[in-house]
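# Here's a sequence, model it:
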Amino acid sequence: MCGLYFARGCQSRSGKDIFALNQPRPQSFQSAYQSGRINAMMTSSNIINVTEANFDFEVIDYSQNVPVLVDFWAEWSIPCKSLDPILNQLAQSGDGSFRLARINVDENPKLAMRFNVR
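Predicted coordinates for the structure are as follows:
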């Protein structure tokens, strides 16, 4: 059930520039991060819960500045429960290098369908 996506510089609702997690981070982000154009420090906003109502702002728009890792999860999914503490630890220790956006698929079925998460 778990689905992870890496969003970088998304420009449209059609999902342009949303990559599966296993694709490498674009080199352009690494250069921007090292040059200081992307703020390396974030507050607690580096882990957020996202809904259908705020997805475009919290993921698409936000990814213009910082990569967003989207975690589609379900309360009943054992793999999701196993992955959750790992993702949280990575996001907290990442010092703002990316944002973890968590989406409950049972509460947001349209987003799950939009990204073919089953």
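# in the protein, which helix or strand is least confident?
strand 18-20 (a mean of 44; mean pLDDT, DSSP states H and E).
# Helices along the protein, start to end?
27-35, 55, 78-93, 109-114 (DSSP state H).
# Indicate which one of those helices is closest to Ile47.
helix 78-93 (4.9 Å; C-beta to C-beta). For glycine as for every other residue, the C-beta is placed from the backbone atoms N, C-alpha and C.
# Show me what the closest one is packed up against.
Judged by 3 or more C-beta pairs under 8 Å, 6 or more residues apart in numbering; DSSP states H and E, helix 78-93 is in contact with strand 47-49, strand 68-73, strand 99-104.
# Single out the most deeply packed of the ones you listed.
strand 68-73 (a mean of 23; mean count of other C-beta atoms under 10 Å).
# Give me the sheet partners of it and which way each runs.
Here strand 68-73 is paired, per DSSP bridges, with strand 3-7 (antiparallel), strand 99-104 (parallel).
# now that strand against helix 78-93, angle please.
Angle, strand 68-73 to helix 78-93, by axes from the mean of the first three to the mean of the last three C-alpha atoms, to 10 degrees: 150 degrees.
# State the mean pLDDT of strand 68-73.
On average, the pLDDT along strand 68-73 is 94.
# can I have it written out in CSV, keeping just the CAs?
Extracted C-alpha coordinates of strand 68-73, given in CSV (Å, rounded to 0.1, in the frame of the first residue of the first chain):
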residue,chain,number,x,y,z
VAL,A,68,9.3,17.0,-1.3
LEU,A,69,9.1,13.3,-0.5
VAL,A,70,5.5,12.2,-0.6
ASP,A,71,4.5,9.3,1.6
PHE,A,72,1.2,7.7,0.8
TRP,A,73,0.2,5.6,3.8
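# how about the helices of the chain, which one is nearest Ile48?
It is, among these and with distance given as C-beta to C-beta, helix 78-93, at 9.7 Å.
# Mind listing what's buried along that closest one?
By neighbour count on 16 or more other C-beta atoms under 10 Å, the buried set for helix 78-93 is 80, 87, 91.
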